[in-house]
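1. here's my sequence, what's the structure:
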Amino acid sequence: MKRHRTATALTLFIILGTTASVLPAAASAPHGRAATATDRDEAVVDALARAAHPLRGVEPGGDTRDLRALDRMIGDARVVGLGEATHGSHDFFALKGRVLRHLVEERGFRAFALEAPWSTVARLDAYVVRGEGDPRRIMRDEFQRDFRWWNNTDYLRLIEWTRAYNLRHPADPVRLVGDDIAWSGPELYDAVTAYAAERDPKTAARLEEFYRGLRPTEQTGAYIERYLGEPYTVRKERAERTGQALELLHGLAPGKDRAAYERAVQDARVIDQTARQYAFDFTDPAQVSEAMRYRGEQMAANVLWWQRHTGARMLLSAHNNHVGYVPDMPAQYLKVQGAFLRDALGAGYVSIGLTFDHGSFRATGTDDESVVRRWAVGPAGPGTNEAVLDRVPHRNYLLDLRTVGSPAREWLRRERPTRSVGTAYPDGPHDIALARSYDVLIHLHRVSAARLLER
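-> Predicted coordinates for the structure are as follows:
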């Protein structure tokens, strides 16, 4: 999840971002924009138009023949990262639901990975596979603080569709996976210690000691707040213990049920990831940057673990800054999840960035991160990527950035201001070279604010 900078040093790594003025609006020609493009811009627009594939819309359901172009762009990729330019726009969330349905039904995808904690999405996975729990309650309990944006009507609709699909295909279900590491729920500790107890009671007793004081006894948001408030020495010592626990469990022989062993080790690894994410000195900017790099690396590792252990083709949902290859703030992020996935999978990973011209979204303000507001921005101003993208004569469209002809090919490889909004606003624009950050681009003319569920 892309964050915004605050004055609180201990929370820098979780809400990191930058403050900048809002992009200026422009008067309009096609789609409501002023005809101020240079001759070169017109040539770029023409080249983009020749390569663009119209997108029927973002809402799930109905005819998906317009997504066949996306199928060709994805090819045989095992993991497809689908981004978002804000964390609070309905159109991005709805589009993910539409793309997921298409890829499941037409391309054999069987997993949806969300930028949310491993244990959180495990609870939702239990619902879509076995009908356990109430998704509204799970979302309300789990999607707190930095994950509150996922508690929305579009993701609820996606989860309910996945459950309905699995009821019709019980032998070949679609699974939900969480890859983020800011929280490990109590059920994760229970699963690890229960597995150890069945194999070796002495190992289970040692695990309980290593995990002393770490198993959450409060809700997600409160636990994260309290953990961040602990002294650096305490956070570092906790990470040492979770590392010892992981090493201890990893040392057990796999036994007859190797799948159960590997899942227990992965659960212990995620617990360790959470502790190590907090074991950085957040008063040191260099350590903050390392923390963000660590997060991207471990998010990728969790996606890779699931894909390699199940063989499932996966759709990964995250911010543009996480699915792409080049961070929008290189000094702070160093290396992002998409770059780690490309290193591991090569052409087996495809990154899809999303842009928009104007509309609304949900985010907090930079002055008060407890209150979610609705923000609106006008058409992107001159000199931005979106200003040229929106001149293409399609309201919404797909673009394979790897095959666009000149002069658009060169234009796409140069950095220019681009909207990239995290959890707080104002945020950005940031200088992004689209073709160096993504393989595919989806441009939407207009977006509207997501509808959040009760908290």
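2. quick one, what contacts Arg163?
-> Counting by Cβ atoms under 8 Å, 6 or more residues apart in numbering, Arg163 touches Tyr127, Val128, Gly131, Pro135. In this view, the C-beta of every residue, glycine as well, is placed from N, C-alpha and C.
3. element containing it, please.
-> Counting by DSSP states H and E, the element that carries Arg163 is helix 153-168.
4. got a list of contacts for the helix or strand just after that helix?
-> Per DSSP H and E, helix 153-168 leads on to strand 175-180 as the next helix or strand towards the C-terminus. Residues from elsewhere that reach strand 175-180, judged by Cβ under 8 Å, 6+ apart: 1, 110-122, 124-125, 128-129, 147, 159, 162, 295, 299-300, 302-303, 306, 310, 312, 314, 316, 318, 337.
5. helices - which of these land there?
-> Among these, the members falling in helices are 118-122, 124-125, 128-129, 159, 162, 295, 299-300, 302-303, 306, 310, 337 (criterion: DSSP state H).
6. coming back round to it: most neighbours among the contacts of Arg163, which one?
-> Val128 (25 neighbours; other Cβ atoms under 10 Å).
7. measure that one to Asp154 for me?
-> Taking Cβ to Cβ, to the nearest Å as the measure, Val128 falls 16 Å from Asp154.
8. just Arg416 next, same as before
-> To Asp154, Arg416 is 30 Å away according to Cβ to Cβ.
9. and those two? Which one has more around it.
-> Higher neighbour count among Arg416 and Asp154: Asp154, with 23 against 18, using other Cβ under 10 Å.
10. let me see the contact set for that one.
-> For Asp154, the contact set (Cβ under 8 Å, 6+ apart) comprises His90, Phe93, Ala94, Lys96, Gly97, Ala450, Arg451.
11. pull the most distant pair out of those.
-> Distance extremes for the contacts of Asp154: the farthest pair is Lys96 and Arg451 at 15.1 Å, using Cβ to Cβ.
12. the strands in this protein, which residues?
-> Assignment of strands within the chain using DSSP state E yields the ranges 53-54, 79-82, 111-117, 175-180, 314-317, 349-365, 372-377, 396-400, 416-418, 424-425, 430-432, 440-447.
13. where's the fifth one relative to the chain centroid, distance-wise?
-> To tie it back to what came earlier, the one meant is strand 314-317. 9 Å (Cα atoms, centre = their mean, to the nearest Å).
14. helices and strands around it, which ones?
-> Using 3 or more Cβ pairs under 8 Å, 6 or more residues apart in numbering; DSSP states H and E, the elements in contact with strand 314-317 are strand 79-82, helix 90-107, strand 111-117, helix 285-310.
15. do the same with the third one
-> Judged by 3+ Cβ pairs under 8 Å, 6+ apart, the packing partners of strand 111-117 are helix 153-168, strand 175-180, helix 285-310, strand 314-317.
16. list of residues touching that strand?
-> By Cβ under 8 Å, 6+ apart, the residues outside strand 111-117 that reach it are 1, 79, 100, 121, 142-143, 147, 150, 155, 158, 162, 174-185, 220, 274, 299, 303, 306-307, 310, 312-319, 322.
17. then the last one?
-> Surrounding strand 440-447, the residues in contact under the criterion Cβ under 8 Å, 6+ apart are 31, 55, 58, 70, 73-74, 86, 89-92, 95, 350-361, 386, 389-390, 392, 395-401, 434.
18. so how do I select the buried members of those residues in PyMOL?
-> Filtering the contacts of strand 440-447 down to the buried ones (16 or more other Cβ atoms under 10 Å) takes a single PyMOL command:
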select buried, resi 31+55+58+70+73+74+86+89+90+91+92+95+350+351+352+353+354+355+356+357+358+359+360+361+386+389+390+392+395+396+397+398+399+400+401+434
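19. nearest to Pro429, of the helices and strands packed on strand 314-317?
-> Closest approach to Pro429 among the helices and strands packed on strand 314-317 (Cβ to Cβ): helix 90-107, 17.2 Å.
20. now the angle between helix 153-168 and that closest one, please.
-> Relative orientation of helix 90-107 versus helix 153-168 (axes from the mean of the first three to the mean of the last three Cα atoms, to 10 degrees): 20 degrees.
21. how about helix 90-107: buried residues?
-> Across helix 90-107, burial judged by 16+ other Cβ under 10 Å covers 90-104, 107.
22. swap in stretch 227-247?
-> Residues of stretch 227-247 classed as buried: Tyr227, Leu228, Tyr232, Arg235, Lys236, Arg238, Ala239, Arg241, Thr242, Gly243, Ala245, Leu246 (neighbour count, 16+ other Cβ under 10 Å).
23. can you put those in a markdown table and add pLDDT?
-> Below are those laid out as a markdown table (pLDDT from 0 to 100):
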| residue | pLDDT |
| --- | --- |
| Tyr227 | 95 |
| Leu228 | 94 |
| Tyr232 | 97 |
| Arg235 | 98 |
| Lys236 | 98 |
| Arg238 | 98 |
| Ala239 | 98 |
| Arg241 | 98 |
| Thr242 | 98 |
| Gly243 | 98 |
| Ala245 | 98 |
| Leu246 | 98 |
